[in-house]
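>>> Next one to model:
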Amino acid sequence: MPTRDQRGAAYPSPVVMLSVIAVAMAGIAFVATRGGEPTEREVTPVSQPSQSPSATPTRTPKPKPEPPAVKRGSVQVEVYNNSGITGLAGDVAERASGMGWKVVGSDNWYGTIPASTVYYPAKLKQAGKQLALDLGIKRTAASVDPMKPEVLTVILTAPLD
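The predicted model follows:
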């Protein structure tokens, strides 16, 4: 019985072919981008320009007016606890009162808050930032419904430092 001879061509896989092409292209790019010396040079001035008095007076920019200082006693604040720590809102409310803020309430907050936050209505943005600084809260945001439009709202997710 004659033996069968199985001959055929074995083609390389597409991954091998793409790798060979990528290496060839990298080689061509290397040769094509190889260049001589850089064309940029450092230029040093030979002489300094003369300082002549100008005909127009130099203007000094006007400093930006600073926002008015926050009157802590005139801003209402509500403090809410969104953590599992009993009494956290009351403790922080006392702390804010001791700093001069007008705390009008404290309670629990039900919802998901990513981090302790001071929420402020648009007209109390500066006061909200100041309250956050006073309490050491890093996050502030504009008030959302159901928050009161004339009150700063503090929602705590953990004890303050």
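>>> Once you drop chain neighbours, what's closest to the residue nearest in space to the middle of the chain?
Centroid-nearest residue in the chain: residue 139, 10.8 Å away (criterion: CA atoms, centre = their mean). Closest residue to residue 139 apart from its sequence neighbours, by CB to CB, 6 or more residues apart in numbering: residue 117 at 4.4 Å. C-beta here means a position set from N, CA and C on the backbone, and glycine is covered the same way.
>>> what's that neighbour in contact with, if anything?
Contacts for residue 117 (CB atoms under 8 Å, 6 or more residues apart in numbering) come out as 137, 139, 140, 141, 154, 155.
>>> how about the residues you listed in a markdown table, adding secondary structure and pLDDT?
What follows is the contacts of residue 117, written out as a markdown table (DSSP: H, G, I helix; E, B strand; the rest coil; pLDDT from 0 to 100):
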| residue | secondary structure | pLDDT |
| --- | --- | --- |
| 137 | coil | 94 |
| 139 | strand | 94 |
| 140 | strand | 94 |
| 141 | strand | 94 |
| 154 | strand | 95 |
| 155 | strand | 94 |
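>>> Would you convert these into CSV that also reports distance to residue 64?
Formatted as CSV, those follow (distance: CB to CB, whole Å):
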residue, distance to residue 64
137, 26
139, 25
140, 21
141, 24
154, 29
155, 32
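>>> of all those residues, which comes closest to residue 147?
Nearest to residue 147 among these, counting by CB to CB, is residue 155 at 9.3 Å.
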